[in-house]
Each structure stands twice: as structure tokens, then as C-alpha cells.
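*Asks:* missing the sequence, but the structure's below:
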């Protein structure tokens with residue numbers, strides 16, 4: 001026995017699914033107006049560490065999420081070869097994986113190298129994202145060991161989330 005489904009029922013179902021999916025996309029990608037509340041937090045599309053110095057470096061990286069009592073999301077130590085001298089492809093840079101791509105939160109990034117420390121609060125990261133205008137802010141964050149060995153950060157909006 002085969003189920004009796006009309007073309008009209010199939011068409012109505014397909015339109016309904018398309019409408020729900022399309023509505024979700026439009027709702028999350030619409031421009032944020034001044035009267036609309038801002039979403040709490042942001043997603044990090046990528047988190048990278050780059051060595052631009054002429055020596056091998058170790059960078060301790062810690063990512064926490066949330067305000068008040070932050071939850072530790074990741075803690076890693078990354079070793080990078082001097083800029084442009086690695087035996088493999090891109091040994092002077094590393095991509096750090098984490099669940100920050102999947103959900104928005106108030107992420108805080110801390111990087112340490114020898115006696116140097118860099119703190120990127122959620123507020124600071126979000127302030128660098130201001131002006132992109134989209135709900136569901138999305139950031140590309142790169143921790144940089146400069147030519148002088150100092151730590152800095154590059155934060156740019158990403159539209160890939």
C-alpha cells in the first residue's frame with residue numbers, strides 16, 4: 001500500500017520549509033537598528049597565533065567565556081618557528097580550534113609569552129567589531145608575536161559565520 005500524497009500537499013510542505021528557513025536567515029542577517037537590542041556576545045570565526053619574529057616562540061593561550069564567573073573553554077601552549085623559516089608549511093602560524101565558532105558568548109582571550117601578557121576582553125573585541133552592523137557579530141582574532149617579540153592582536157569582523 002502506498003501513501004496517498006497529492007502534489008498540492010508536497011508543494012505546500014516545500015513552501016512551508018522554505019519559508020521557515022528563509023525567515024530564519026533573514027532574521028539573523030538583518031541590519032541591526034539603533035532601537036534593537038544587541039545580541040550578547042559574538043562568535044569567533046577563527047582564532048590564530050602568528051609569529052613575525054626571528055626566533056622560535058611559545059605562546060600560552062587561554063580562552064574563557066561568560067561574564068561574572070567565566071568558564072574556561074580552552075588552554076593551549078603553541079610553539080611556532082621563526083617567521084618564514086619553518087620546515088613545514090606555515091610553521092610560523094597556528095589555527096586554534098574551539099566551540100567559539102558554533103555559539104555566541106562573551107569570549108575573553110589571554111596570551112602569554114615569557115614575561116609578556118596580552119588580555120583581550122569581550123568588551124574590547126566587540127568594540128573592534130562595532131560598525132559592521134549585523135546581528136550575530138563574528139570575529140577573526142589573531143594573536144601576533146611581533147618582530148620585537150611583543151604581543152599584539154588583530155581583530156576584524158568576519159561575515160563567514
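*Replies:* Structure received. The shown structure was predicted, so the numbers you read here are calculated from the model rather than taken from an experiment. Numbering: from 1, shown residues only.
*Asks:* which residue ranges of this structure form helices?
*Replies:* Counting by DSSP state H, one finds helices in the chain at the ranges 7-29, 122-129.
*Asks:* least confident of these, on average?
*Replies:* Mean pLDDT is lowest for helix 7-29 out of those, coming in at a mean of 49.
*Asks:* so residue 83 sits against residue 52, correct?
*Replies:* Yes: under the criterion of CB atoms under 8 Å, residue 83 makes contact with residue 52 at 5.0 Å. Every residue, glycine included, has its C-beta placed from N, CA and C.
*Asks:* give the residues shared as contacts by those two.
*Replies:* When contacts are counted by CB atoms under 8 Å, 6 or more residues apart in numbering, residue 83 and residue 52 have 92, 147 as shared neighbours.
*Asks:* show me the shaky parts of the chain.
*Replies:* For the chain, the stretches flagged by pLDDT under 70 are 1-40, 86-90, 131-136, 161.
*Asks:* can you give me the strands in it?
*Replies:* For the chain, applying DSSP state E gives strands covering 43-51, 57-65, 71-80, 93-95, 107-113, 116-120, 138-145, 151-157.
*Asks:* which one of those strands lies nearest to residue 126?
*Replies:* Of all those, it is strand 138-145 that lies closest to residue 126, at 8.3 Å by CB to CB.
*Asks:* dump the residue contacts of the residue nearest to residue 76 when sequence neighbours are not counted.
*Replies:* The shortest distance from residue 76 to any non-neighbouring residue, by CB to CB, 6 or more residues apart in numbering, is to residue 61 (5.2 Å). Residues near residue 61 by CB under 8 Å, 6+ apart: 47, 49, 74, 75, 76, 77, 78, 96, 109, 110, 111, 143.
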